[in-house]
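Q: make a model of this:
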Amino acid sequence: MTIYDIAREAGVAASTVSRVINDKPGIKLETRQRVQELLKKYNYIPDAAARGLVMQSSRLVGILIVDIRVAHHVDSAFVIEQELTRRGYCCIIMSTGPEDEKKAEYIRILEQRRVEGVILMGSMFETAAVEDSIRKHLSKVPIVMVNGYLNLPNVSGVIVDEDAGVGKCVDLFFSKGKSQIAFVLDSVSPANLRKQQGYSDGMLRHGAGTEDLWLYDMSESSVRGGYEITLRILKEHPNIQGIIYTIDLVAVGGVRAAHDRGYVVPEQLGIIGIDNSIYGEICMPKLTTLDNRLQGMSESAATILREGLEGKIRSIKMMMFSEIIEREST
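A: Next up is the predicted model:
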């Protein structure tokens, strides 16, 4: 059933049916109702591609994620996708992988798909290769980065003060008499390095020396990886009093490792994660975490992009403030 078939049966011009479909004014109520009844009767669905050709609009938004298996990035993408879909856009979500050249290639692919806007999930897109690819392929398209920023005229960023937040986590440990604290980096990214800097600054502010900065990198960002790195920390620093992990998922493994080695949490060993994810709530004991405002960042990113899609392309940098959610592990 085509628009012309609907028009023929309704006894009107095809342009009238089009105006009804697009909710345009200037149609008699009786005519509008007759056309709407036929559209419903035949379950007519407009061809989005054809409408896009006519209107010179794809209504497509690209959402790029480095690794689609990362739960907090997927949760954020869901919030954004739901908001933009409600506004009549269709979102395509792609997983680029960690290599810079692949991220840059996906920017080019989005140009080929004629996207009208882009969301970049996470600070892993803060690279020179991505910046250069945006200049070449998407310089006229509004782009918003969640928890990151690139200094381009069409790119906005919504970031959270995780460095200051981690510094407050250090303060929390010291307020409880825990001064021997380690920091676990689950993966190298601009955001995680800012978290690590917050740990170092916090420790130095409390009088620690550089030799007291116990920094650990992981080979596997998982519960198992958190378990294994924590066993190593406990072996190398048996008198340790607190550990901060860059994500809750890894911290959950740390809680289990502490239990298996006979450490009482939080009396002997305090543990803090970051993300305020579901993992921290189902952990035993429940995990103290730094809430990095995932929901708020996602909603703000969707709003900024929507405004850009409506013709208000701009480059802004929005800062949000993290908050410690204290539970049973500190």
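Q: in the protein, which spans are strands?
A: All strands of the chain, identified by DSSP state E, fall at 60-65, 90-95, 117-121, 143-146, 155-160, 181-185, 214-217, 242-245, 270-274, 288-291, 317-320, 323-325.
Q: among the ones you listed, which comes closest to Arg8?
A: Among the strands of the chain, strand 90-95 comes nearest to Arg8, with 29.9 Å by CB to CB. All C-beta atoms are positioned from the backbone trio N, CA, C, and that covers glycine.
Q: coming back round to it: okay, the strands of the chain in a markdown table with mean pLDDT, mean neighbour count and distance to Gln196 next?
A: Formatted as a markdown table, the strands of the chain follow (pLDDT from 0 to 100; neighbours: other CB atoms under 10 Å; distance: least, CB to CB, whole Å):
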| stretch | mean pLDDT | mean neighbour count | distance to Gln196 |
| --- | --- | --- | --- |
| strand 60-65 | 96 | 24 | 23 |
| strand 90-95 | 94 | 16 | 26 |
| strand 117-121 | 96 | 28 | 21 |
| strand 143-146 | 97 | 28 | 20 |
| strand 155-160 | 96 | 24 | 15 |
| strand 181-185 | 98 | 25 | 6 |
| strand 214-217 | 97 | 14 | 7 |
| strand 242-245 | 98 | 28 | 9 |
| strand 270-274 | 98 | 28 | 11 |
| strand 288-291 | 98 | 26 | 13 |
| strand 317-320 | 95 | 14 | 19 |
| strand 323-325 | 97 | 17 | 17 |
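Q: relative to Gln33, which of these is closest?
A: Closest of those to Gln33 is strand 90-95, at 28.8 Å (criterion: CB to CB).
Q: I'd like to know which helix or strand in this protein has the lowest mean pLDDT.
A: For the chain, using mean pLDDT, DSSP states H and E, the weakest element among its helices and strands is helix 48-55, scoring a mean of 48.
Q: pLDDT at Arg34, what is it?
A: pLDDT for Arg34: 91.
Q: wait, I meant Ser219
A: On pLDDT, Ser219 comes in at 77.
Q: pretty sure it is touching Gly225, no?
A: Yes. Between Ser219 and Gly225 there is a contact at 6.7 Å, judged by CB atoms under 8 Å.
Q: follow-up on the earlier one: identify whichever of the strands of the chain lies nearest to Glu236.
A: Glu236 lies closest, by CB to CB, to one member of those: strand 214-217, at 8.1 Å.
Q: what lines up beside that closest one in the sheet?
A: Strand pairing for strand 214-217, using DSSP bridges, gives strand 181-185 (parallel).
Q: just how off-centre is the partner strand within its chain?
A: Computed by CA atoms, centre = their mean, to the nearest Å, the chain-centroid distance of strand 181-185 equals 23 Å.
Q: do stretch 274-286 as well
A: Here stretch 274-286 is found 18 Å from its chain centre; the criterion is CA atoms, centre = their mean.
Q: ok, now which ones touch the nearest residue to Ala104 once chain neighbours are set aside?
A: Excluding its sequence neighbours, the residue lying closest to Ala104 (CB to CB, 6 or more residues apart in numbering) is Ser133, at 3.8 Å. By CB atoms under 8 Å, 6 or more residues apart in numbering, Ser133 lies in contact with Lys103, Ala104, Glu105, Ile107, Arg108.
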